[in-house]
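Asker: Task: produce atomic coordinates for the following.
(one chain, ligands or ions: 1)
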Amino acid sequence: MLQGTAYDWKYTTVPQKWGAYGLAGNVSQLLLSLNYCDYFCNVKRSKWPMGKLVGGTAQFNNLMYLRGHPDDFKEWYKDLPSFDYKRDILPYYKKLESTGDSFLSRLPFTSSAAEYALNAFKSLGYNVNKNQLDSFVGFGSPYVNIKNGKRWTSFHQLLSHDRPNVFLLSHTTALEVLFRSNYEAYGVKYIRSGETVVSLARHGVILSAGVIGSPKLLMMSGVGVKSHLQSVNIETKLDLPVGDNLQDHITTGFSLVTFNDTLDFGVGISTMLNPLTALEYFRTQSGPWTTVGCEVNGFINTKNPKNPLAQPDLQLMMLPLGIEEDSGLYLRKLMGISDATWYNYFHHVNKSIAVLPVLLHPKSRGTVRLESKNIDKQPLIDPNYLSVEDDVETLYEGIQIVKKFVDAEPMRNLGAELNALPLPGCEHLTFDSEPYWFCYLRHMTYTAYHPVGTCKMGADDASVVGYDFKVRGTNRLYVVDASVFPTLTSGNVNAAVLMMAEKAADVILEQLFLKTGFCCILEIFKMKTVCEI
Ligand SMILES: Cc1cc2nc3c(=O)[nH]c(=O)nc-3n(C[C@H](O)[C@H](O)[C@H](O)COP(=O)(O)OP(=O)(O)OC[C@H]3O[C@@H](n4cnc5c(N)ncnc54)[C@H](O)[C@@H]3O)c2cc1C
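Answerer: From the prediction side, this is the model:
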């Protein structure tokens, strides 16, 4: 419920050329090709909510916890020949999970749809008892960051410890990083209660402003693509590909699996508004109010379906509701669905569940750029959705799996059907033909809310930070958040953000220690210990 409020940065993408045509404000291809959109169109774009509060986007995410697949990280560290997943990544996940820093639980509540869906996937030959921590092929119920019926995030973890070395300023917007001799970070300029203030850094500055906020801050500070910085009148201190490599998980398929409206899975709007549901929550910290949306989650490798260890290319999430559930009052607006698509398509659906294929490793890449050097202006976010045809083809494989799911006996027994209503923009095509689905995918293109990559980590010229999280060509300046992911992980990305933060803490402390630290005699015998700095 925080999305779209003052606690949300309320980012929106620029109009998309290759997809998302069913979103509000998306415009005709003619206007797009003439580049007149920004002047004449009631601009319509993909909405990208991001948390403008302590704890960030995890304060309103869906709480699913998935580590990703080991091959995801091999890709990240491809320029580091000594990389070993079990030594360099897994221990950080285990640390998070065992110390309670990232509190994991099973779903406190599932509707009756979950069991039907799992049975349907089982009847299609998928492994349905899969351990849901790693993103190997198979289906199950996800782990979530919920403690006693409540959200548990890095913010809650921070507050649960007494940390004398943490000083937190809320209601504060960072404006720029301060550099000495154009390369050494020595502080941050920020604005608080209308006053511009400077904080000096003794050891260094770590940016964790997220996939949009971190590149924006770097660019405002003169670190970015030189030609772009020149175009917005910012003097370039370092010419780096900041804001490139933007990528996001794309999903589709809302309200595609329909039922007779008498069917009740026990989690509809009437259940949510029922005072007994509230009572159940306050009495037992469970029940429908603890739902995270996704009740069944699975991974599939469409090119190599028989190999259980293969890196998946599709995720499938089952939510027991369609976006028609609230009759267009809220969900539709959150997602920014256009009037034409709403009134001619979703509005006519009586009852549906969401079986959503998610494209895990899109090839399309986009950018984040400044519109001007005014900090209050939203940056120009262009994920360039579906600009590579291969992405549409993989999602099409996902649609084929949804079709099989609808046809599976447990679903047929419930009366499941594919939604064959004419979709605005694709009415001229025969329903269920290949051209229809390709058209469908380019209209029903939704963010799965996992943008990453705009301050890419690596060792090549396309990287903004090195494997030590330090901004290349600078001293004492680091970035640690989803922006440094070189590529997307196989699954929801927050667990990987947390894991990486654990790792970055070790790497950065070790670096600082090597420069300035000292150990007491006992500490030097401990592995990986950073002593006093
Ligand atoms: C609706 C939704 C559902 C999601 N569901 C899931 C899920 O179920 N599971 C999952 O794994 N992932 C999920 N995600 C994704 C996940 O939550 C994010 O990828 C993750 O939280 C990103 O973490 P981050 O630290 O990179 O950035 P953020 O969490 O966005 O943190 C950035 C912080 O920096 C602050 N900031 C930015 N600019 C400035 C500035 N100039 N000055 C001061 N502060 C600034 C922001 O206010 C924010 O607090 C979801 C995302 C959304 C939007």
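Asker: helices and strands of this protein: which one bottoms out on pLDDT?
Answerer: None of the helices or strands of the chain scores lower by mean pLDDT, DSSP states H and E than helix 37-40, at a mean of 41.
Asker: Tell me how far the spatially closest residue to Ala416 that is not a sequence neighbour lies from Ser102.
Answerer: Setting aside the residues directly before and after it, Ala416 is nearest to Val406 in space (C-beta to C-beta, 6 or more residues apart in numbering), at 4.8 Å. All C-beta spots, glycine's among them, are computed from the backbone N, C-alpha and C. Distance, Val406 to Ser102, using C-beta to C-beta, to the nearest Å: 35 Å.
Asker: Who has more neighbours out of those two?
Answerer: Ser102 (23 against 19; other C-beta atoms under 10 Å).
Asker: Before we move on, what's the pLDDT of that one?
Answerer: On the pLDDT scale, Ser102 is placed at 74.
Asker: Quick check: closest non-adjacent residue to it.
Answerer: Ser102's closest residue in space is Leu96 (C-beta to C-beta, 6+ apart), at 4.2 Å.
Asker: just Gly491 next, same as before
Answerer: Closest to Gly491 by C-beta to C-beta, 6+ apart is Leu66, at 3.4 Å.
Asker: what's the answer for Val197, then?
Answerer: Tyr190 (5.8 Å).
Asker: okay, now the one you found: neighbour count?
Answerer: 16.
Asker: The stretch 351-500 of the chain against the ligand: which residues are in contact?
Answerer: Selection of the stretch 351-500 of the chain residues close to the ligand by C-beta under 6 Å from any ligand atom yields Tyr449, His450, Asp481, Ala482, Asn492, Val493, Asn494, Ala495, Val497.
Asker: Look at the closest residue to the ligand within the stretch 251-400 of the chain and report its pLDDT.
Answerer: Nearest to the ligand, among the residues of the stretch 251-400 of the chain, is Val292, at 6.5 Å (C-beta to the nearest ligand atom). For Val292, the model assigns a pLDDT of 94.
Asker: Could you do the one 4 residues further on as well?
Answerer: With respect to pLDDT, Val296 has a value of 97.
Asker: Quick one: residues contacting it.
Answerer: Val296 sits next to Ala114, Ala117, Leu118, Phe121, Phe139, Gly140, Ser141, Leu316, Met317, Met318 when contact means C-beta atoms under 8 Å, 6 or more residues apart in numbering.
Asker: In terms of secondary structure, what does the helix or strand containing the first one contact?
Answerer: When secondary structure is defined using DSSP states H and E, the element that contains Ala114 is helix 112-123. Using 3 or more C-beta pairs under 8 Å, 6 or more residues apart in numbering; DSSP states H and E as the contact definition, the elements that helix 112-123 packs against are strand 138-140, strand 296-300, strand 314-319, strand 351-359, helix 389-407, helix 409-413.
Asker: Kindly reformat these as JSON lines containing distance to Gly266.
Answerer: As requested, the helices and strands packed on helix 112-123 are exported to JSON lines (distance: least, C-beta to C-beta, whole Å):
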{"stretch": "strand 138-140", "distance to Gly266": "20"}
{"stretch": "strand 296-300", "distance to Gly266": "15"}
{"stretch": "strand 314-319", "distance to Gly266": "14"}
{"stretch": "strand 351-359", "distance to Gly266": "12"}
{"stretch": "helix 389-407", "distance to Gly266": "20"}
{"stretch": "helix 409-413", "distance to Gly266": "17"}
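Asker: Spatially nearest residue to Arg476, not counting backbone neighbours?
Answerer: Distances taken as C-beta to C-beta, 6+ apart place Gly204 nearest to Arg476, at 3.7 Å, with adjacent residues excluded.
Asker: can you check Gly466 too?
Answerer: Counting by C-beta to C-beta, 6+ apart, the nearest residue to Gly466 once its immediate chain neighbours are dropped is Arg472, at 5.8 Å.
Asker: That neighbour: how many residues sit nearby?
Answerer: 18.
Asker: so what's it up against?
Answerer: Listed by C-beta under 8 Å, 6+ apart, the contact set of Arg472 reads Leu238, Leu240, Ser463, Val464, Val465, Gly466.
Asker: Redo those as a markdown table? Include secondary structure, neighbour count and distance to Ile375.
Answerer: Shown next, in a markdown table, are the contacts of Arg472 (DSSP: H, G, I helix; E, B strand; the rest coil; neighbours: other C-beta atoms under 10 Å; distance: C-beta to C-beta, whole Å):
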| residue | secondary structure | neighbour count | distance to Ile375 |
| --- | --- | --- | --- |
| Leu238 | strand | 21 | 19 |
| Leu240 | coil | 26 | 20 |
| Ser463 | coil | 21 | 26 |
| Val464 | coil | 28 | 20 |
| Val465 | strand | 27 | 22 |
| Gly466 | coil | 17 | 27 |
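Asker: ok, so of those residues, who is nearest the ligand?
Answerer: Proximity of the contacts of Arg472 to the ligand (C-beta to the nearest ligand atom) peaks at Val465, which lies at 13.3 Å.
Asker: what about the closest one, distance to Ile508?
Answerer: 11 Å.
Asker: hey, what's in contact with both of the two?
Answerer: Tyr478.
Asker: Flag every residue of this protein that's near the ligand.
Answerer: Within the chain, the positions adjacent to the ligand are 49-52, 56-58, 60-64, 173-174, 208-211, 213, 217, 449-450, 481-482, 492-495, 497 by C-beta under 6 Å from any ligand atom.
Asker: ChimeraX command for the buried members of the residues you listed?
Answerer: Selection of buried members from those for ChimeraX, criterion 16 or more other C-beta atoms under 10 Å:
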select :49,50,51,52,56,57,58,60,61,62,63,64,174,208,209,210,211,213,217,449,450,481,482,492,493,494,495,497
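Asker: Restricted to strands, list the residues of the chain next to the ligand.
Answerer: Using DSSP state E, the members of those that fall in strands are Met64, Thr173, Ala174.
Asker: For the stretch 1-150 of the chain, which segments count as strands?
Answerer: 11-12, 47-48, 64-65, 138-140, 143-144, 146-147, 150-151 (DSSP state E, counting those that start in this stretch).
Asker: In TSV: these, plus mean pLDDT and distance to Asp261.
Answerer: As requested, the strands of the stretch 1-150 of the chain are arranged in TSV below (pLDDT from 0 to 100; distance: least, C-beta to C-beta, whole Å):
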stretch	mean pLDDT	distance to Asp261
strand 11-12	94	33
strand 47-48	94	28
strand 64-65	96	28
strand 138-140	96	27
strand 143-144	96	29
strand 146-147	94	30
strand 150-151	94	32
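Asker: before we move on, the earlier item: ok, now which ones touch the residue nearest to Arg476?
Answerer: Ala185, Arg476, Leu477, Tyr478, Ile508, Leu512 are the contacts of Gly204 under C-beta under 8 Å, 6+ apart.
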